[in-house]
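Novice: Need a 3D model of the sequence below.
(2 chains)
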Number of protein chains: 2
Amino acid sequence: MQWTKVLGLGLGAAAFLGLGIILGHFAIPKEASSPAPQDLDLQILETVMGQLNASRIRENLRELSREPHVATSPRDEDLVQLLLQRWRDPESGLDSAEASNYEVLLSFPSQEQPNLVHVVGPTGDIIYSCRQTEENLTGEQGGPDVVQPYAAYAPPGSPQGLLVYANRGSEEDFKELQTQGIKLEGTIALTRYGGVGRGAKAVNAAKHRVAAVLVYTDPADINDGLSSPSETFPNSWYLPPSGVERGSYYEYFGDPLTPYLPAIPSSFRLDLANVSGFPPIPTQPIGFQDARDLLCNLDGTLAPTTWQGALGCSYRLGPGFLPNGDFPADSQVNVSVHNRLELRNSSNVLGIIRGAVEPDRYVLYGNHRDSWVHGAVDPSSGTAVLLELSRVLGTLLKKGTWRPRRSIVFASWGAEEFGLIGSTEFTEEFFNKLQERTVAYINVDISVFANATLRVQGTPPVQSVVFSATKEIRSPGPGNLSIYDNWIRYFNRSSPVYGLVPSLGSLGAGSDYAPFIHFLGISSMDLAYTYDRSKTSARIYPTYHTAFDTFDYVDKFLDPGFGSHQAVAQTAGSVILRLSDSFFLPLNVSDYSETLLSFLQAAQQDLGALLEQHSISLGPLVAAVEKFDAEAAALGERISTLQNGSPDPLQVRMLNDQLMLLERTFLNPRAFPEERYYSHVLWAPRTGSVATFPGLSNACSRARDTAPGSEAWAEVQRQISIVVMALEGAAATLRPVADL
Amino acid sequence: MQWTKVLGLGLGAAAFLGLGIILGHFAIPKEASSPAPQDLDLQILETVMGQLNASRIRENLRELSREPHVATSPRDEDLVQLLLQRWRDPESGLDSAEASNYEVLLSFPSQEQPNLVHVVGPTGDIIYSCRQTEENLTGEQGGPDVVQPYAAYAPPGSPQGLLVYANRGSEEDFKELQTQGIKLEGTIALTRYGGVGRGAKAVNAAKHRVAAVLVYTDPADINDGLSSPSETFPNSWYLPPSGVERGSYYEYFGDPLTPYLPAIPSSFRLDLANVSGFPPIPTQPIGFQDARDLLCNLDGTLAPTTWQGALGCSYRLGPGFLPNGDFPADSQVNVSVHNRLELRNSSNVLGIIRGAVEPDRYVLYGNHRDSWVHGAVDPSSGTAVLLELSRVLGTLLKKGTWRPRRSIVFASWGAEEFGLIGSTEFTEEFFNKLQERTVAYINVDISVFANATLRVQGTPPVQSVVFSATKEIRSPGPGNLSIYDNWIRYFNRSSPVYGLVPSLGSLGAGSDYAPFIHFLGISSMDLAYTYDRSKTSARIYPTYHTAFDTFDYVDKFLDPGFGSHQAVAQTAGSVILRLSDSFFLPLNVSDYSETLLSFLQAAQQDLGALLEQHSISLGPLVAAVEKFDAEAAALGERISTLQNGSPDPLQVRMLNDQLMLLERTFLNPRAFPEERYYSHVLWAPRTGSVATFPGLSNACSRARDTAPGSEAWAEVQRQISIVVMALEGAAATLRPVADL
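Specialist: Below is the predicted model of the structure:
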């Protein structure tokens, strides 16, 4: 070749090489060095929704509720093993699973000396005895593993006295009896469930020197008035006459001997003499069959209309029995309680799916494992869902199809029935770590109370993720509604921002979410399917905490076909995936503004004049709510801008931290020194009647009748300042991070 | 051309193009899409070190100390403006700077009615009067802005009684007087500074019904025994005879009316009657010239040897004066205090350099601004350094040369002298946000006590960053040592891990770091240059809190040439840059192991036998310390592995969060309910004699003389559990993040 040709070819080659280099460098995205950030995968979501299987939930429930499994019983420990086995399954398990133990103080009736309730005649002979156990209607109410109905933590004792009827055992109820001139000292007070907490009945009674308390479930409150055997289980979902609600009568939650410390073996334990919150006097629950025999024979004044129930007689106040009734007029009632406190090892089981990108961010999902008897509804309906969810997610994980962006932690809590003990001890043990890293806590305890509609309790930031999830899932039952569209028919409110939306309830302390929201300040929710309130006024599903809460009860009456269980599993599953996989956390913090505004308006309307009389201004509170609102809105705009760009993962992490940690800014461990664990300035228990910030509401209700300038009025001012500080702190957390 | 040739050329071109594409894609790093993460830039570090200028610090100090600037005075507010102007300077300022106000309760002497101390003869005539002001030796001790020496927060009153000498006013000192048979009721107690806190002297005295307390500085404690005018300032650095140490006598810190609430105008304020921590009886400080006249005329028993000082006479205990002395034997001392409590607006000034990559991580650097008089040393020597540092960093920032990875926050606190008020209110206002985001707090209050050596107080994780910094900076003064090598000559210890290293002191509550470490649990440090202890035994620099703490005092005696100021500026600057710019946070959490082990060994050696007698095991504590140690070591290895790879920024962020948040895991707001703000389980005040965990040490010292099974012994067990829980929580935080 000619040298010019060679040169030409060389130059040409060089040009092509150069062009290639340029193209290769600039035109082809480098996948390895800047992959698209992992985000919620709708395909995966759809797969999960499709695989959550009603029949499998049903099978889970059958196994879980096969035997009674009260906390720390051998069957409870068997279920620990079952959970570990499922979560360690090589085909469908999680990355790891462990059981952890706490040594906690529980209370049990004596096997040798059952608790007894007798009517004792004037000569000391036993005229009548209440049932010691429930009637064995389905073959499942007998056997040594069915724990006798009792009031956990009620002290032993055998007081005897005249019977009185004290309605629900509230403070007002006992005052009413006093007003009626009834001498309460030494009496036995018969009360019905509802109105106030279990333990409060005994506390209120003891203030009037009542000797013991009996508690029963009135058919008016639980059975829509029905009470005959033919109208009740196993012929309907209603409570049979011998059914007795068990329960913890402890006032607080967590292990009673180790407040604020995890109940590991080495931890300091209070001397029993220093434990507060146990019922002060012997207490025993009975069935309405026995209650009828006692109550319908009572002498004395006719009880007020609101005190009447559905036992088929007029309720009188006592004391003592009618002259012409079933018992001699001067018969007394003897209550023998032989409960024993025992230190027992209770297990939590924790399983984890490690996050692929942000393993230090936890989406926690849990339920308790322990029941009172078979506990098919409470808690196994939730555990059956938990196991199905972990199976479906675990299978995708083990197949290598999916790993979430953030970690998912599954929890099976122990000893919840005794006072949220397993979950509380867990939060005590890992306080800082959980507070710093937990995105949200999702609780599904009883997953299905009834099959009418979803019911959600939660803090405002979780509203949006639940809405997104439920709009995409078909509701069980007739029609072709989404869970969301069905839900809005039963529970709704008019939101100033969104118009008509389903309404979320607020979180009390009814299940294991309590330590997460109140003690740790973690955004939490509780999910369940529940009643059509137009069809029943039952306080709760009728066999709650009785030996009649069995698999067949669920299968036949609560959720035949398990469609509602599946709906809850799908809702929880979608919420978990959205929280663990979304690049931007789907927590809408600006939804807190509506709550704050409603609290503020209640304060202005219902307390404004009173406060003004005492020269206390709500101005700073108004300003703080406005500031929060403005910062939340501004943050929302910054999120939109960022979502429309291509933000780097660190930027989004910083933003997500603001969202995750907002709930923490409402925590103040010094706000309510007398309330154990309750530190959340917005959701602490409210005893005052005004639906505003709980500290303000309660302080006002205490101050109302005190003199101007009293300590109680100073506390009102302190509570306003605490809320202002929390709101200012919240606003500061939402501001652009480099603005102080 | 032939078609084969064309084909050949085409194929050749395609091959070159292809090769080019491959080379371009794989061989050339894409800078735009995956830049190297921003890390500490040694060039920038060197530039900063080189630009920190001693003369400029000197000029800053001259300006800052030109006039007295007690908290909230007009000159204090002028300095707020000076700071704002510097930090907003377009050439050398920060990104932004703001002043913020708190309305706080301060205490001042009355301008109209100065505090007075008289000797009153038997007939009521005034025989002798202590000086009301310090002698005007340099022309700077006069004028209306020099606040009269006083004991801030001491109550007004004019008690009169016989004088006694009570040494340092400790509990033991007053017990000794009692043992000596001296009737203390109604007496005036003359005490000397040192031994116990200021306020404690009055508290202890009041328990014995002493009527008032006088406090002076003994030349033995401050002047190496020298006391004549010719031997003292302005002829040397020693305290002149008329010099009086002012100070806050308030027991706690923070605004007294708003504990745990920011002192914003709307905040709830305690009724004065409910404020605790003020001295219970009138108290007044005096100079040693006046103290000599009183003390050398005292009657009574000779005071114990350890009570003797350097006033040139034998100290006697009193009560009352010698028969043949300067005053009639039955003369009394009258102390008239007219201090007034006043609500005043005090400002913090905050300036920020926004982080480029992680703006939500804050490196906080601060000092107070308020002085007692001119405050050249305290605090202006620190503020002079602060301003030079912000100038150098601000200049690089404004030039566009540099922006730190994380945000840097500069703070000028108000009203520190009254009890760390500005910094405490700031931590109350932004509690959650600061806790979640602050990497470390660096305090430089008095930057130069003397020019011998660096002195650092801090928590263990900051040791490594201070060591790294000081090894690279030349020490001022003779020789060619690094600051580190000079430091190790004065303060050192033998570390089981590192061998001989400089020793860090622990953080008490002497300056504004206190709320950061004790209340927020943020890793903190305090930096200063200080004495050669072989050359002076002075309790602190002699003109501390007097009107003689002036620019000339610093310029002539403390740090001529300002080399030590520059050394502190360089140390602080290097620490700030390392903390704000390093990709991996330079906090070595495993350095906590040594502290924990030493606390544990002290407990085992000095308390083991006693605890065993009471059946209290240290076993759980041993296990917890071991667990911490193992997890910290394992984390260290994971960091090394990561540092040798090319970790993505999110991975490092997660790791850094573990390091940053470790200190928080030692916080327990319920550990010491009686201690305001102190929540750090390792660094709370220790009153017990055993150098172990403070809660354990204090509880043992209280329990020691009580019966087995007492509440005090239960508290010992509780305190052990609290430490165990904290250590287990710390270990849990250091574990791989997806292990629960």
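Novice: Regarding chain A, what is its longest helix?
Specialist: helix A:619-644 (DSSP state H).
Novice: and residue A:514, how far is that from residue A:508?
Specialist: Distance, residue A:514 to residue A:508, using Cβ to Cβ, to the nearest Å: 7 Å. C-beta here means a position set from N, CA and C on the backbone, and glycine is covered the same way.
Novice: for the record, mean pLDDT for stretch A:310-326?
Specialist: In this model, stretch A:310-326 has an average pLDDT of 96.
Novice: If you count neighbours, what's buried in it?
Specialist: A:310, A:311, A:315, A:316, A:317, A:318, A:319, A:320, A:321 (16 or more other Cβ atoms under 10 Å in any protein chain shown).
Novice: Tabulate those in a markdown table, adding columns for secondary structure and distance to chain B.
Specialist: Formatted as a markdown table, those follow (DSSP: H, G, I helix; E, B strand; the rest coil; distance: Cβ to the nearest Cβ, whole Å):
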| residue | secondary structure | distance to chain B |
| --- | --- | --- |
| A:310 | coil | 47 |
| A:311 | coil | 47 |
| A:315 | coil | 46 |
| A:316 | strand | 48 |
| A:317 | coil | 44 |
| A:318 | strand | 43 |
| A:319 | coil | 42 |
| A:320 | coil | 45 |
| A:321 | strand | 48 |
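Novice: Redo these as CSV? Include distance to residue B:164.
Specialist: Below are the buried residues of stretch A:310-326 laid out as CSV (distance: Cβ to Cβ, whole Å):
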residue, distance to residue B:164
A:310, 82
A:311, 81
A:315, 77
A:316, 77
A:317, 72
A:318, 72
A:319, 70
A:320, 74
A:321, 78
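Novice: per-residue confidence at residue A:673?
Specialist: On pLDDT, residue A:673 comes in at 89.
Novice: Residue A:397: how many residues sit nearby?
Specialist: By other Cβ atoms under 10 Å in any protein chain shown, 20 other residues sit near residue A:397.
Novice: Would you mind giving the secondary structure of it?
Specialist: Counting by DSSP: H, G, I helix; E, B strand; the rest coil, the backbone at residue A:397 sits in helix.
Novice: So residue A:524 sits against residue A:461, correct?
Specialist: No. Counting by Cβ atoms under 8 Å, residue A:524 does not reach residue A:461; the two are 9.9 Å apart.
Novice: ok, residues contacting stretch A:291-304?
Specialist: Stretch A:291-304 is contacted from outside by A:119, A:128, A:130, A:163-165, A:167, A:176, A:180, A:182, A:190, A:192, A:214, A:216, A:218, A:227, A:241, A:311-323, A:325-327, A:329, A:333, using Cβ atoms under 8 Å, 6 or more residues apart in numbering or on different chains.
Novice: Go again with 7 Å.
Specialist: A:128, A:163, A:165, A:180, A:190, A:216, A:311-322, A:325-327, A:329 (Cβ atoms under 7 Å, 6 or more residues apart in numbering or on different chains).
Novice: low-scoring stretches of the stretch 1-150 of chain A, by residue?
Specialist: Along the stretch 1-150 of chain A, segments meeting pLDDT under 70 span A:1-34.
Novice: That one: helices as residue ranges?
Specialist: A:3-26, A:42-51, A:54-64, A:74-87 (DSSP state H, counting those that start in this stretch).
Novice: The last one vs helix A:54-64, what angle?
Specialist: What that stands for is helix A:74-87. Counting by axes from the mean of the first three to the mean of the last three Cα atoms, to 10 degrees, helix A:74-87 points 140 degrees away from the direction of helix A:54-64.
Novice: other SSEs contacting helix A:74-87?
Specialist: Counting contacts by 3 or more Cβ pairs under 7 Å, 6 or more residues apart in numbering or on different chains; DSSP states H and E, helix A:74-87 packs against strand A:96-108, strand A:340-353, helix A:382-399.
Novice: Most tightly packed of the ones you listed?
Specialist: Highest mean neighbour count of those: helix A:382-399, a mean of 24 (counted as mean count of other Cβ atoms under 10 Å in any protein chain shown).
Novice: Is that one in proximity to chain B?
Specialist: No. Contact of helix A:382-399 with chain B is not found when judged by Cβ under 7 Å from any Cβ of the partner chain; the minimum separation is 12.9 Å.
Novice: Chain neighbours aside, what residue packs nearest to residue A:131?
Specialist: On the basis of Cβ to Cβ, 6 or more residues apart in numbering or on different chains, the spatially nearest residue to residue A:131 that is not a chain neighbour turns out to be residue A:242, at 5.6 Å.
Novice: so where do the strands sit in the stretch 401-550 of chain A?
Specialist: A:406-413, A:438-443, A:453-458, A:492-495, A:499-502, A:524-530 (DSSP state E, counting those that start in this stretch).
Novice: Can you check what pLDDT the model gives the residue positioned nearest the centre of chain A?
Specialist: Centroid check for chain A by Cα atoms, centre = their mean gives residue A:511 as the closest residue, at 3.0 Å. Model confidence at residue A:511, given as pLDDT, is 97.
Novice: Show the contacting residues for it.
Specialist: Contacts of residue A:511 by Cβ under 7 Å, 6+ apart are A:416, A:443, A:445, A:526.
Novice: count of neighbours near the residue nearest to residue A:131?
Specialist: 24.
Novice: That one: what secondary structure?
Specialist: On the three-state scheme (three-state DSSP), residue A:242 is labelled coil.
Novice: My guess is it contacts residue A:286. True?
Specialist: No. Using Cβ atoms under 7 Å, residue A:242 is not in contact with residue A:286; the gap is 9.4 Å.
Novice: Name the nearest residue to the residue in the stretch 451-600 of chain A that chain B sits nearest to, ignoring sequence neighbours.
Specialist: With Cβ to the nearest Cβ as the measure, residue A:521 is the residue of the stretch 451-600 of chain A nearest to chain B, at 9.1 Å. Distances taken as Cβ to Cβ, 6+ apart place residue A:667 nearest to residue A:521, at 3.7 Å, with adjacent residues excluded.
Novice: Now for that neighbour: which residues touch it?
Specialist: A:521, A:679, A:680.
Novice: With residue A:268 instead?
Specialist: Residues counted as contacts of residue A:268 (Cβ under 7 Å, 6+ apart) are A:261, B:717, B:718, B:721.
Novice: how about those in JSON lines, adding pLDDT?
Specialist: Converted to JSON lines, these look like this (pLDDT from 0 to 100):
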{"residue": "A:261", "pLDDT": "98"}
{"residue": "B:717", "pLDDT": "97"}
{"residue": "B:718", "pLDDT": "97"}
{"residue": "B:721", "pLDDT": "98"}
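Novice: Filter these down to just the buried residues.
Specialist: For those, a burial check counting by 16+ other Cβ under 10 Å picks out A:261, B:717, B:718, B:721.
Novice: Surely the last one touches residue A:259?
Specialist: No. Under the criterion of Cβ under 7 Å, residue B:721 makes no contact with residue A:259, lying 11.3 Å away.
Novice: nearest to chain B, of the contacts of residue A:511?
Specialist: For the contacts of residue A:511, the nearest to chain B is residue A:443 (17.6 Å; Cβ to the nearest Cβ).
Novice: Nearest residue to residue A:442 in space, ignoring adjacent ones along the chain?
Specialist: residue A:365 (4.5 Å).
Novice: Quick one: residues contacting that neighbour.
Specialist: Taking Cβ under 7 Å, 6+ apart, one finds A:408, A:410, A:442, A:572, A:576 in contact with residue A:365.
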